[in-house]
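Asks: Show me how the following folds:
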Amino acid sequence: MLTFNDSVFMPSVLTLIGIPGLESVQCWIGIPFCTMYLIAVTGNSLIIAIIKYENSLHKPMYIFLAMLGATDIALSTCILPKMLGIFWLHLPQIYFEACLLQMWLIHSFQAIESGILLAMALDRFVAICHPLRHATIFSQKLLTYIGVGVTLRAAILTAPSIVLIKCCLKVYRTTVISHSYCEHMAIVKLATEDIRVNKAYGLFVAFTILGFDIIFITLSYVQIFITVFQLPQKEARLKAFNTCIAHICVFLQFYLLAFFSFFTHRFGSHIPPYVHILLSNLYLLVPPFLNPIVYGIKTRQIRAQVLKIFFSKETP
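Replies: Residues are numbered from 1 along each chain as shown. Purely as a prediction, here's the structure:
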């Protein structure tokens, strides 16, 4: 690593501050973050195990739920261990390549989660609007294609951001990142070169993935609501609507947090930096934490299996 004119050429190690402005209380902030992480890993692992071993849950809706749970575990694991290392063990250093890998994994898993949410919305659309064709359309083969497709889409679209940083940005003003994890713009803004290409590509990926998914999720649920309200029987309307409540809650918490964090970063220049960082952290930690709780409460089959595991008594 060479330094000249107070700049650094191709740094080998970067330093993550954590939450700028709240360094003195980071050890306490780590406690609720760690609690959310443990609940996220435990809850999602439990849901995955229930879906795997309960044959009656081997249906598209629950398979997508298992995919979502696995993605949530991976996403929260990408960010929290290193973050707790900063908060509790005072280990802020991270290798440059490891930082780029963390950045790619975080953004990839975010994109995968968005793709799975879109697949879940389309599954509910077909199940409610075209119930006779649901089993034919959502075959095991299609589920495999969807899983591979959303993974490849995320990996391929986010990979060029690493290449652009590695190949185009050579000189950095500082090696200190004012963030608690390796986020794309937090790294790009350290460079002294023109960052417009990197910034534009980051926006392109965000709007290509999230924008595309939100449009089709919205269209799916508009059609679902139209179909549900046209059902002649009130009981049928309530049953159809109840199957979508958990999905709607998960969609809203994921995309509302995403856009709230995005707009505060881009347009909230008057907001203190620690607010930006906390919102970014919550955006990555809250959905994995809440998703198993929402599905555990609102999905009758999952709730029944959880109660069976924890509260069933063995008969003598």
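Asks: Which helix or strand contains the nearest residue in space to Pro287 that is not next to it in sequence?
Replies: Counting by C-beta to C-beta, 6 or more residues apart in numbering, Pro287 lies nearest to Phe254, which is 4.9 Å off, once chain neighbours are set aside. All C-beta spots, glycine's among them, are computed from the backbone N, C-alpha and C. Counting by DSSP states H and E, the element that carries Phe254 is helix 234-267.
Asks: Would you mind identifying the next helix or strand past that helix?
Replies: Sequence order places helix 273-298 as the next helix or strand after helix 234-267, per DSSP H and E.
Asks: Report all helices and strands that that next one contacts.
Replies: Contacts of helix 273-298 with other secondary structure elements, assessed using 3 or more C-beta pairs under 8 Å, 6 or more residues apart in numbering; DSSP states H and E, are made with helix 26-53, helix 60-89, helix 96-129, helix 234-267, helix 300-311.
Asks: closest to Tyr201 out of those helices?
Replies: Between Tyr201 and these, the shortest gap by C-beta to C-beta is with helix 96-129, which sits at 11.5 Å.
Asks: which parts of that closest one are buried?
Replies: For helix 96-129, burial by neighbour count (16 or more other C-beta atoms under 10 Å) applies to 96, 99-100, 102-129.
Asks: low pLDDT regions in this protein?
Replies: Low-confidence segments of the chain, defined by pLDDT under 70, span residues 1-6, 236, 262-269, 312-316.
Asks: now the helix holding Phe254, how far from the centre of its chain.
Replies: 14 Å (C-alpha atoms, centre = their mean, to the nearest Å).
Asks: Go through that helix and flag the buried ones.
Replies: Buried residues in helix 234-267, defined by neighbour count with 16+ other C-beta under 10 Å: 240-241, 243-244, 246-251, 253-255, 257-258, 261-262, 265.
Asks: how about CSV for the helices and strands packed on helix 273-298, with distance to Leu279 added?
Replies: As requested, the helices and strands packed on helix 273-298 are exported to CSV (distance: least, C-beta to C-beta, whole Å):
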stretch, distance to Leu279
helix 26-53, 13
helix 60-89, 14
helix 96-129, 14
helix 234-267, 5
helix 300-311, 30
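Asks: Of all the ones you listed, which one is nearest Leu152?
Replies: The minimum distance between Leu152 and the helices and strands packed on helix 273-298 falls on helix 96-129, with 9.8 Å, by C-beta to C-beta.
Asks: now for that closest one, which elements pack on it?
Replies: The contact analysis (3+ C-beta pairs under 8 Å, 6+ apart) places helix 96-129 against strand 13-16, helix 60-89, helix 134-137, helix 140-168, helix 184-188, helix 212-229, helix 234-267, helix 273-298.
Asks: I'd like these laid out as CSV, including distance to Met36.
Replies: Written out in CSV, the entries for these read as follows (distance: least, C-beta to C-beta, whole Å):
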stretch, distance to Met36
strand 13-16, 19
helix 60-89, 8
helix 134-137, 35
helix 140-168, 23
helix 184-188, 22
helix 212-229, 24
helix 234-267, 13
helix 273-298, 4
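Asks: Many thanks, have a good one.
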